[in-house]
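Asks: take this sequence and fold it.
(2 chains)
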There are 2 protein chains.
Amino acid sequence: MSRLNIRKIRESDLQKGFLESLDSLRRASNLNRRRAKAILRNIASSKNHVIFVAEQDGVIVGSTTLLIEQKFIHGGGKVGHIEDVVVSRGVQGAGIGQKMVRFALRYAKSRGCYKTILDCDDKVKPFYTKIGFKAHSNGMRYDH
Amino acid sequence: MSRLNIRKIRESDLQKGFLESLDSLRRASNLNRRRAKAILRNIASSKNHVIFVAEQDGVIVGSTTLLIEQKFIHGGGKVGHIEDVVVSRGVQGAGIGQKMVRFALRYAKSRGCYKTILDCDDKVKPFYTKIGFKAHSNGMRYDH
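Replies: As a prediction, the model looks like this:
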């Protein structure tokens, strides 16, 4: 069985299929490589915006994003926000998504988050419930 | 009628009732002032974490937070996240909350966000619907 490695993103992952793995969420592989590199450097400059990737046999097969928000309430506590949990189409159903989310949760806890939140569609709600998430509010969206 | 001024937070707002205004959301005014200043400086060091305050007669009577998230999808687009919309108890019902949210939305648009999202309880859903938000997903929470 091929080994799965979940870790923070590196710039070299742009050559290992990171953008292509996002395509199963929404087309990203057509993004100009120079622009993608600039975006990644911009993200990497913040310690509160972390992208995790899942690497299998030298290829990026999934990723997720964690935003860490410092609050004043809760004694100056922190809240994690999970975004864009994505697994490449060919390897879905093998537990990679769940492993990435659990990895992000452990990281959020290690950074002092008292809770981690996310928004999801009805059809993936059971996926998150199994991990330990509870429905608690309405996700609202405003289109600019 | 007293003039309402909505703007980005400044360090001097810690002496103008900023933490006390958060109390109507969740107790924050008991936060150590040195710690509050450190948190604010930490937040201010990121251009993607913006706190807006509403000032009336020299007192902070409300605030809200906007996180700006750079994505790879959507052609490298940005998403705004609104958090902690709070208005001091004594001045609720005067439209301050709505003005702050609209201010944050205009700012998010000016920074290139294609959408802005937030989570809310059922009871304040009509407040956001009136502003133009649409229900689109489930807000899930994991407690560490």
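
Asks: what about the helices in chain A?
Replies: A:18-22, A:33-44, A:73-76, A:96-110, A:125-131 (DSSP state H).

Asks: now do the first one: which elements does it pack against?
Replies: It refers to helix A:18-22. strand A:59-70, strand A:78-87 (3 or more Cβ pairs under 8 Å, 6 or more residues apart in numbering or on different chains; DSSP states H and E). In this view, the C-beta of every residue, glycine as well, is placed from N, C-alpha and C.

Asks: with just CA atoms, put it into CSV.
Replies: Extracted as CSV, the C-alpha positions of helix A:18-22 are listed here (Å, rounded to 0.1, in the frame of the first residue of the first chain):
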residue,chain,number,x,y,z
PHE,A,18,-1.5,20.7,-6.0
LEU,A,19,-3.6,22.9,-8.3
GLU,A,20,-4.8,19.8,-10.2
SER,A,21,-6.1,18.3,-6.9
LEU,A,22,-8.2,21.4,-6.4
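
Asks: pLDDT below threshold where in chain A?
Replies: A:1 (pLDDT under 70).

Asks: contacts only, for the residue nearest the centre of it.
Replies: The C-alpha lying nearest the average C-alpha coordinate of chain A belongs to A:Thr64 (Cα atoms, centre = their mean; 1.4 Å). The contact partners of A:Thr64, by Cβ atoms under 8 Å, 6 or more residues apart in numbering or on different chains, come to A:Ile51, A:Phe52, A:Ile82, A:Glu83, A:Asp84, A:Val85, A:Val86, A:Met100, A:Val101, A:Ala104.

Asks: near chain B, list only the ones from the residues you listed.
Replies: A:Glu83, A:Asp84 (Cβ under 8 Å from any Cβ of the partner chain).

Asks: which one of the contacts of A:Thr64 sits closest to B:Lys8?
Replies: A:Glu83 (24.3 Å; Cβ to Cβ).

Asks: so how far is A:Ser63 from A:Thr116?
Replies: Applying Cβ to Cβ, to the nearest Å, the value for A:Thr116 to A:Ser63 is 17 Å.

Asks: just put the helices and strands packed on helix A:18-22 in TSV and tack on distance to A:Lys47.
Replies: Converted to TSV, the helices and strands packed on helix A:18-22 look like this (distance: least, Cβ to Cβ, whole Å):
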stretch	distance to A:Lys47
strand A:59-70	8
strand A:78-87	12
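
Asks: circling back: deepest-packed of the helices of chain A, please.
Replies: The highest mean neighbour count among the helices of chain A, using mean count of other Cβ atoms under 10 Å in any protein chain shown, belongs to helix A:18-22: a mean of 22.

Asks: and stretch A:83-96, what's buried?
Replies: A:Glu83, A:Asp84, A:Val85, A:Val86, A:Val87, A:Ser88, A:Val91, A:Ile96 (16 or more other Cβ atoms under 10 Å in any protein chain shown).

Asks: let me see the contact set for the most far-flung residue of chain A relative to its centre.
Replies: The centre of chain A is farthest from one residue, A:Gly75, which by Cα atoms, centre = their mean lies 26.6 Å away. Contacts for A:Gly75 (Cβ under 8 Å, 6+ apart) come out as B:Leu31.

Asks: leaving out chain neighbours, which residue sits closest to A:Arg3?
Replies: Spatially, and ignoring its direct neighbours in sequence, A:Arg3 is nearest to A:Gln56 (7.2 Å; Cβ to Cβ, 6 or more residues apart in numbering or on different chains).

Asks: ditto for A:Arg111
Replies: Closest to A:Arg111 by Cβ to Cβ, 6+ apart is A:Ile68, at 5.6 Å.
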